[in-house]
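S.K.: sequence and predicted structure are below.
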Amino acid sequence: MTKKVCKNCNLIYEGERCPGCGSQEYSEEIKGRVIVLDPEKSEIGQKLKINKAGEYAISKTSG
């Protein structure tokens with residue numbers, strides 16, 4: 001199954017819907033990614049406004 005990037009919250013996932021926000025709008029191309037384990041303690045997570053642990057795209061292409 002192909003990994004998808006949610007266009008709403010940037011979470012990288014597999015499946016029909018984004019498990020983070022429920023959106024079905026996605027891109028399949030990722031230019032960069034970050035894994036946030038503890039969003040409350042992560043400076044990067046805070047700067048990217050991430051509030052759930054997971055793998056996120058930091059730059060995605062439209063498509």
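M.R.: Here it is on my side, so go on. Numbers count the residues shown, from 1 in each chain.
S.K.: so what's the most far-flung residue of the chain relative to its centre up against?
M.R.: Distance from the centre of the chain peaks at residue 41, with 17.8 Å (C-alpha atoms, centre = their mean). Residues counted as contacts of residue 41 (C-beta atoms under 8 Å, 6 or more residues apart in numbering): none. The way it works is simple: take the backbone N, C-alpha and C, and place the C-beta from them, glycine included.
S.K.: that one is in what secondary structure piece?
M.R.: Under the criterion DSSP states H and E, no helix or strand holds residue 41.
S.K.: next one, pLDDT for it please.
M.R.: Per-residue confidence (pLDDT) for residue 41: 95.
S.K.: how about residue 60?
M.R.: In this model, residue 60 is scored at 53, pLDDT.
S.K.: quick one, strands of this protein?
M.R.: 4-6, 12-13, 26-27, 30-36, 54-60 (DSSP state E).
S.K.: closest to residue 46 out of those?
M.R.: Taking C-beta to C-beta, strand 30-36 is the member of those nearest to residue 46, at 9.5 Å.
S.K.: strands paired with the closest one, and their directions?
M.R.: strand 54-60 (antiparallel) (DSSP bridges).
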